[in-house]
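Chemist: coordinates only, no sequence provided:
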């Protein structure tokens, strides 16, 4: 099993989730986060005062899935979330050693729908 963390632009989350569902990814966690990378600071005005925005709003999408779904999932996220501009985000992949179903207390060896049905 692997965990994918994708940091993407907020305006891309709806399309990204829609496309993930088309490849069978239905379980994920979405969090609103702020951060910075190569994306430039922006200027804003609040109550007549100028300020610099150094942290940009992003969405963190977390998905735990079977190894055979990793490449397809990464490619789907990139194809959907990419704009070609600085600030598009990053994707990180981590190994998952174990997963458990809280309701049953049992190890969860069928982490995604496709592996429960025998794979692709």
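Modeler: Happy to help now that I have it. Every value quoted in this text rests on a predicted model; they were computed, and no experiment measured them.
Chemist: now for this structure, the helix or strand with the poorest mean pLDDT.
Modeler: helix 113-116 (a mean of 47; mean pLDDT, DSSP states H and E).
Chemist: might you list the low-confidence residue ranges for the protein?
Modeler: Applying pLDDT under 70 to the chain flags the ranges 112-120.
Chemist: tell me where it has strands.
Modeler: For the chain, applying DSSP state E gives strands covering 2-8, 29-35, 42-46, 49-53, 56-65, 90-95.
Chemist: against residue 41, how distant is the most far-flung residue of the chain relative to its centre?
Modeler: Within the chain, residue 48 marks the point farthest from the mean C-alpha position, 36.1 Å out by C-alpha atoms, centre = their mean. Distance, residue 48 to residue 41, by C-beta to C-beta, to the nearest Å: 20 Å. All C-beta spots, glycine's among them, are computed from the backbone N, C-alpha and C.
Chemist: do the same with residue 17
Modeler: Distance from residue 17 to residue 41, by C-beta to C-beta: 29 Å.
Chemist: dig out what the closest residue to residue 55 other than its chain neighbours forms beta bridges with.
Modeler: Take residue 55 and drop its neighbours on the chain: the residue closest to it by C-beta to C-beta, 6 or more residues apart in numbering is residue 34, 4.1 Å away. Judged by DSSP bridges, the bridge partners of residue 34 are residue 57.
Chemist: for residue 34, grab the count of nearby residues.
Modeler: 10 (other C-beta atoms under 10 Å).
Chemist: got the contact list for it?
Modeler: 55, 56, 57, 58 (C-beta atoms under 8 Å, 6 or more residues apart in numbering).
Chemist: need those in CSV (columns: distance to residue 88).
Modeler: Formatted as CSV, those follow (distance: C-beta to C-beta, whole Å):
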residue, distance to residue 88
55, 16
56, 11
57, 14
58, 10
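Chemist: residues touching residue 64, list them.
Modeler: Here residue 64 is in contact with 1, 2, 3, 4, 27, 96, 99, 111, 112 (criterion: C-beta under 8 Å, 6+ apart).
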